[in-house]
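**Q** Build me a model:
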Amino acid sequence: MKESLTRAELAVMNLLWDSSERITAKAIRETLYADADRPQHGTVQRLLASLEEKDMLARDRRAGTHFFEAAVSRQQYAGWQVESLADGLTGGSFVPLVTHLIENDKITVEEIDHIINGLQEGNLRDT
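**A** Residues are numbered from 1 along each chain as shown. Take a look at the predicted model:
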């Protein structure tokens with residue numbers, strides 16, 4: 001199971017997940033720190049190094065400019081976090097988590113139907 005990401009790391013990963021192509025450190029810096037008083041080059045480099053160390057992103061060093069892309073999907077990361085939450089709070093049971101989502105209208109009937117169909121077919125990978 002992967003470790004949790006900091007807010008800043010998650011902001012970088014969200015950029016990578018939302019992008020249809022690889023991103024440079026400069027593009028990340030300009031997006032996340034557009035209003036910063038001082039350049040945030042070092043901050044972005046530390047975030048990228050940390051995410052690379054955690055095997056969350058891939059760095060392409062072939063060109064003079066390094067390009068970054070997510071090494072894991074948003075769904076994979078979310079799954080790891082949900083598993084960690086269930087392990088820590090409910091002894092690994094997902095029933096209290098799913099019950100909470102249903103009781104608080106956080107999951108739609110369509111999503112429930114999708115889950116049921118996936119369980120019956122043994123395949124939920126099309127989410």
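**Q** I'd like the distance between the residue most central in space within the chain and residue 37.
**A** By Cα atoms, centre = their mean, the chain has its centre lying nearest to residue 74, at 3.8 Å. Distance, residue 74 to residue 37, by Cβ to Cβ, to the nearest Å: 31 Å. Yep, even glycine has a C-beta here, placed from its N, CA and C like the rest.
**Q** coming back round to it: spatially nearest residue to the residue nearest to the centre of the chain, not counting backbone neighbours?
**A** Taking Cβ to Cβ, 6 or more residues apart in numbering, and ignoring the residues beside it in sequence, residue 74 has residue 17 as its nearest neighbour in space, at 4.5 Å.
**Q** Then residue 33?
**A** Leaving aside its sequence neighbours, residue 33 sits nearest to residue 40 (Cβ to Cβ, 6+ apart; 4.0 Å).
**Q** just residue 28 next, same as before
**A** Closest residue in space to residue 28, ignoring its immediate chain neighbours: residue 44 at 5.5 Å, by Cβ to Cβ, 6+ apart.
**Q** mind listing what that neighbour touches?
**A** Residue 44 sits next to 12, 25, 28, 29, 32, 33 when contact means Cβ atoms under 8 Å, 6 or more residues apart in numbering.
**Q** C-terminal to the longest helix along the chain, what's the next element?
**A** Under DSSP state H, the helix in the chain containing the largest number of residues is helix 74-90. Downstream of helix 74-90, the next assigned helix or strand under DSSP states H and E is helix 95-103.
**Q** Just the helices from this structure, written as ranges.
**A** For the chain, helices defined by DSSP H occupy the ranges 7-18, 25-32, 41-53, 74-90, 95-103, 109-121.
**Q** Give me the buried positions along stretch 41-56.
**A** Neighbour-count burial for stretch 41-56, counted by 16 or more other Cβ atoms under 10 Å, picks out 44, 47, 48, 50, 51, 54, 56.
**Q** let me redo that: stretch 7-21
**A** Using 16+ other Cβ under 10 Å as the test for burial, stretch 7-21 gives 9, 12, 13, 15, 16.
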